[in-house]
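Visitor: take this sequence and fold it.
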Amino acid sequence: MTQNSLATDTSTGPSGSSCDERPQDRWSEYLATAGPLLDAMGGQVHGLVAELQEVRRSGASVFLAGNGGSASAASHLTQDLLKGTYTEGAPPLRAISLADNLSMLTAYANDCGYDRVFAEPLRLLARPGDRLLAISCSGTSPNVVAAARWARESGLRVLAVTAGTGGTLRELADLEVNTPTKDVGMAEAMHSMIFHFVTQSLRDSAADPAYR
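Guide: As a prediction, this is how the structure comes out:
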C-alpha cells in the first residue's frame, strides 16, 4: 500500500465513525461498501477478461506494471495468469511482470531515471498485439504513466486498473477497470478480488474447447 489506508485517521473510522466503534460494526460497514463497488465494476471486469482472452488466443503477451502494493498485485496476477489459467491442451496466457526483476529495475532507475523503469524494458520486449496492464490506484504514478504512454504511442492496447478519478491512466487506457473510491485500502482489496475472478474465468474458459 503506497497511500493512506483505512487506518489513516486515528480519531475516526472509514466513514468518520468513532474509534470506539465495535469491530463488528466496522466489518458490517466494510461489507456494505465492498458489494456496491464490485457491482459497479462488473462490465469493466468482463471487458478485462475478454482482452486477456484475446491475448491468449493470439499468442501475444501481457506486460504488467505497478508500484508498492500494485507492484505486488502485478506480480501475483502474473503468476495467476501464467500458471493459474493454464489447462493442458490449451494455449498458455503469456504474462510478464515488469516489476519483478530487482537488478533490471535498479539499473534503469540508476541510468535512465525511476520514471523509465517500466517503459524501457517494455520498449525492448513488446511486440505488435501485446498489451500493457497498468495497475495504479491514483492513475498518476509517473513510471506507470510513462509505460502506458509509450505503449499507446506504439500501438499496444493499454489496460488500466485504477481507483478514484483514474488519473492520467484513464486518458491513456483502451480499457479501464476503475474502483470508484478514494480509499486506497479498499481499492486494493477490490483489485485483488477482481484479479482472482479474472483468473478463475480464464481458467474455466481454457477448459472449454469453444473458447480456445
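
Visitor: bridged to the residue nearest the centre of the chain, which residues?
Guide: For the chain, Ile135 is the residue whose C-alpha lies nearest the centre (CA atoms, centre = their mean; 3.6 Å). For Ile135, the beta-bridge partners are Val161 (DSSP bridges).

Visitor: from Thr181, how far out is it?
Guide: 15 Å (CB to CB, to the nearest Å). For glycine as for every other residue, the C-beta is placed from the backbone atoms N, C-alpha and C.

Visitor: same for the longest helix belonging to the chain, what does it pack against?
Guide: Across the chain, the longest stretch assigned as helix under DSSP state H is helix 184-206. Other elements packing on helix 184-206 under the criterion 3 or more CB pairs under 8 Å, 6 or more residues apart in numbering; DSSP states H and E are helix 23-40, helix 42-58, helix 69-79, strand 157-163, strand 175-179.

Visitor: how far out from the middle of the chain is that helix?
Guide: 9 Å (CA atoms, centre = their mean, to the nearest Å).

Visitor: now the nearest residue to Ser58 once chain neighbours are set aside, what's its secondary structure?
Guide: Excluding the flanking residues, the one nearest Ser58 by CB to CB, 6 or more residues apart in numbering is Gly129, at 5.5 Å. Under DSSP: H, G, I helix; E, B strand; the rest coil, Gly129 falls in the coil class.

Visitor: pretty sure Gly129 contacts Val62?
Guide: No - using CB atoms under 8 Å, Gly129 is not in contact with Val62; the gap is 10.4 Å.

Visitor: and the two? Which one has more around it.
Guide: Val62 (25 against 14; other CB atoms under 10 Å).

Visitor: any idea how far the more buried one is from Glu51?
Guide: For Val62 relative to Glu51 (CB to CB), the value is 8 Å.

Visitor: now do the shared contacts for those two.
Guide: Common neighbours of Val62 and Glu51, using CB atoms under 8 Å, 6 or more residues apart in numbering, are 131, 159.

Visitor: and Leu38, what does it touch?
Guide: Going by CB under 8 Å, 6+ apart, Leu38 touches 190, 193-194.

Visitor: recalculate using a threshold of 10 Å.
Guide: 45, 179, 190, 193-194, 197 (CB atoms under 10 Å, 6 or more residues apart in numbering).

Visitor: closest to Asn101 out of those residues?
Guide: In terms of CB to CB, no member of the contacts of Leu38 lies closer to Asn101 than Ile194, at 25.1 Å.

Visitor: list phi and psi for the residue nearest to Ser58.
Guide: Backbone torsions for Gly129, taken as degrees, to the nearest 10, come to phi 90, psi -10.

Visitor: just the C-alpha atoms of the helix-or-strand element of the chain with minimal mean pLDDT, please, in PDB.
Guide: Here the helix or strand of the chain ranked lowest by mean pLDDT, DSSP states H and E is helix 23-40, holding a mean of 90. Taking C-alpha atoms only, helix 23-40 is exported to PDB below (Å, rounded to 0.1, in the frame of the first residue of the first chain):
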ATOM      1  CA  PRO A  23     -15.200  -4.200  15.300                       C
ATOM      2  CA  GLN A  24     -18.400  -6.000  14.200                       C
ATOM      3  CA  ASP A  25     -19.800  -2.600  13.100                       C
ATOM      4  CA  ARG A  26     -16.800  -1.800  11.100                       C
ATOM      5  CA  TRP A  27     -16.900  -5.200   9.400                       C
ATOM      6  CA  SER A  28     -20.600  -4.600   8.500                       C
ATOM      7  CA  GLU A  29     -19.700  -1.200   7.100                       C
ATOM      8  CA  TYR A  30     -16.800  -2.700   5.100                       C
ATOM      9  CA  LEU A  31     -19.100  -5.400   3.600                       C
ATOM     10  CA  ALA A  32     -21.700  -2.800   2.900                       C
ATOM     11  CA  THR A  33     -19.200  -0.700   1.000                       C
ATOM     12  CA  ALA A  34     -17.500  -3.600  -0.900                       C
ATOM     13  CA  GLY A  35     -20.600  -5.100  -2.500                       C
ATOM     14  CA  PRO A  36     -21.700  -2.000  -4.400                       C
ATOM     15  CA  LEU A  37     -18.100  -1.300  -5.500                       C
ATOM     16  CA  LEU A  38     -17.800  -4.700  -7.100                       C
ATOM     17  CA  ASP A  39     -21.200  -4.500  -8.700                       C
ATOM     18  CA  ALA A  40     -20.300  -1.100 -10.300                       C
END
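
Visitor: that concludes my questions; thank you for your assistance.
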